[in-house]
Structure formats: structure tokens, C-alpha cells
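**Q** how would this look folded up:
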Amino acid sequence: MTERLDKILSRQLNITRARAKEVLRSGRVAVNDVTQQDGSTKCGDADAISVDGKLITVARYVYIMMNKPAGVISASDGKGEKTVVDLVPDNMQRRGLFPAGRLDRDTTGFVLITDDGEFAHNILSPVHHIPKTYIATLDKPVDDGMIADFEGGMTLNGRVLLEAGLEPVSHDGTVARVVLRQGLYHQVKRMFAKHGATVLQLHRTAMGGLELDDGLLPGECRYITADEIGQITKKFDSI
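**A** Coordinates of the predicted model:
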């Protein structure tokens with residue numbers, strides 16, 4: 001599939017089509033190492049497009065993995081407060097970016113940022129049961145009662161939840177791995193609170209079968225490859 005060069009520049013650089021044409025006329029754009037000033041030129045995924053010598057992506061949609069830091073909102077518009085989209089570097093910014101799912105302000109870890117609304121809907125829909133994995137640090141150890149309630153389909157405020165995984169990962173039982181197949185408001189915290197436990201820290205480590213890149217520092221991000229997208233969306237028979 002090919003698109004007009006000015007349309008690609010407008011989308012990828014988050015500028016108007018008129019501004020994209022100005023950039024082209026200035027001679028700052030090259031396609032396959034040849035300066036290009038004609039906005040109607042058709043380009044596709046195989047073409048190398050650069051602006052001021054820096055390559056830009058051509059893909060219709062992008063998928064970005066971010067290691068969300070605490071204190072940042074999972075939204076595209078924070079109404080004056082810093083959001084995960086604000087943390088995306090300028091060279092990765094484009095129109096329509098938003099987080100696919102939300103993490104609480106104080107929750108850290110894997111946030112997927114994209115401009116592909118259909119993909120986001122699919123991975124967030126309860127029908128698809130894409131699991132999300134968290135590491136929770138608690139003020140009391142996990143016990144057998146908690147594990148049974150999580151795995152049996154907990155009833156919370158009159159609502160029966162989907163089965164969830166719960167496994168202690170520290171010697172004293174105060175750090176645990178949680179796997180959810182749905183994303184209700186403050187769900188992990190509310191599930192533990194039912195058993196008198198307070199979540200001191202919560203960190204998302206994976207979406208589907210794709211784990212957070214441990215090379216990303218808080219606030220850093222990178223593109224997700226096509227193969228990695230498949231790891232997010234593959235079906236899971238159990239948690």
C-alpha cells in the first residue's frame with residue numbers, strides 16, 4: 001500500500017498538510033536518499049523517508065512500548081497534567097497516539113501506546129481475554145485464602161470477576177505476581193483490599209505474552225515489532 005508523501009509527513013511529524021508541503025519545498029525531505037519536493041509522490045513501507053537526515057517511520061499505525069513511571073497519567077490529554085503520550089520522544093510523536101488501556105497514576109510498567117483504535121479495542125475487549133501481568137508489593141503476605149479467591153473468580157461488590165492468577169514470588173510472600181484478564185477500576189488494589197491487604201507498589205510486567213523490555217528505564221519507550229504484536233494477541237488457554 002502506498003500513500004502520498006505529504007500525507008505521510010503530516011501524520012508522522014504531527015503537522016498540517018500545508019506545513020508538510022512547506023517542509024517539502026524547503027528541500028529537507030529525501031526519499032531513498034534523493035531529495036523530494038513533490039507531495040503527491042507515492043511512497044510505501046519499502047521506501048526510506050528522511051527529514052533533515054533523520055529517518056521517519058512510514059507505517060500506517062505504530063505500536064509503542066513504554067515503561068511508565070509513577071506520577072504520570074495514562075491518557076492522551078491530561079488537561080494540564082503530564083501524560084504517557086507527553087513522554088513519547090519528538091521523533092516518535094504523531095497524531096492520534098493514545099494509551100491502549102490505563103494504569104493508575106502511581107502504577108508503573110508496561111503501557112502500550114498506539115494510534116490503531118481497532119487493535120486497541122481488540123486487546124482490551126473481555127471477549128479476547130488478553131492477560132495482563134503485574135508484580136504487586138503488599139503490606140502483608142499472600143495466603144491460601146487470597147489465592148483461592150483470585151483463582152476461583154472473586155465476587156467483588158456483587159460482581160463476579162474473571163479468574164485471576166496469584167502467586168507469591170518473594171520468600172516472605174509480600175511480593176506477588178498477579179495475572180488479570182480484565183481491567184476494572186483499581187481492580188488489583190480492590191481485590192487485595194477485600195483480604196485486608198494494601199498494595200504498596202504495582203508494576204505491570206507483560207501484556208499477553210509480551211514482557212516489558214527490561215532495558216527501558218522509567219519514561220523510556222521503543223517501537224514494538226510485528227512479531228511482538230503477535231505475542232500480545234496470541235490466545236492463552238490458561239493463566
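**Q** quick one: the helix or strand of the chain with the lowest mean pLDDT to chain centroid distance?
**A** Within the chain, no helix or strand scores below strand 54-56, which has a mean of 86 by mean pLDDT, DSSP states H and E. Remark: strand 54-56 is offset 23 Å from the chain centroid, using CA atoms, centre = their mean, to the nearest Å.
**Q** in it, what counts as buried?
**A** Applying a neighbour-count criterion of 16 or more other CB atoms under 10 Å, one finds residue 56 buried in strand 54-56. C-beta here means a position set from N, CA and C on the backbone, and glycine is covered the same way.
**Q** what ranges in the protein fall below the confidence cut-off?
**A** Flagging of the chain using pLDDT under 70 yields the residue ranges 235-239.
**Q** ok, the strand ranked longest in the chain: who's next to it in the sheet?
**A** Secondary structure of the chain read by DSSP state E shows that its longest strand is strand 199-207. Its sheet considered, strand 199-207 pairs with strand 108-114 (parallel), strand 132-138 (antiparallel), strand 210-211 (antiparallel) by DSSP bridges.
**Q** rewinding a little: other SSEs contacting the least confident helix or strand of the chain?
**A** Other helices and strands packing on strand 54-56, by 3 or more CB pairs under 8 Å, 6 or more residues apart in numbering; DSSP states H and E, are helix 5-13, strand 49-51.
**Q** list of residues touching it?
**A** Applying CB atoms under 8 Å, 6 or more residues apart in numbering, the external contacts of strand 54-56 come out as 8, 9, 12, 13, 48, 49, 50, 91.
**Q** where does the nearest residue in space to residue 113 that is not next to it in sequence sit: helix, strand or coil?
**A** Leaving aside its chain neighbours, residue 113 sits nearest to residue 64 (4.2 Å; criterion: CB to CB, 6 or more residues apart in numbering). Judged by DSSP: H, G, I helix; E, B strand; the rest coil, the three-state class of residue 64 is strand.
**Q** repeat that for residue 96.
**A** Secondary structure of residue 96, reduced to three states by three-state DSSP: coil.
**Q** hang on, residue 37 packs against residue 23?
**A** No - using CB atoms under 8 Å, residue 37 is not in contact with residue 23; the gap is 9.6 Å.
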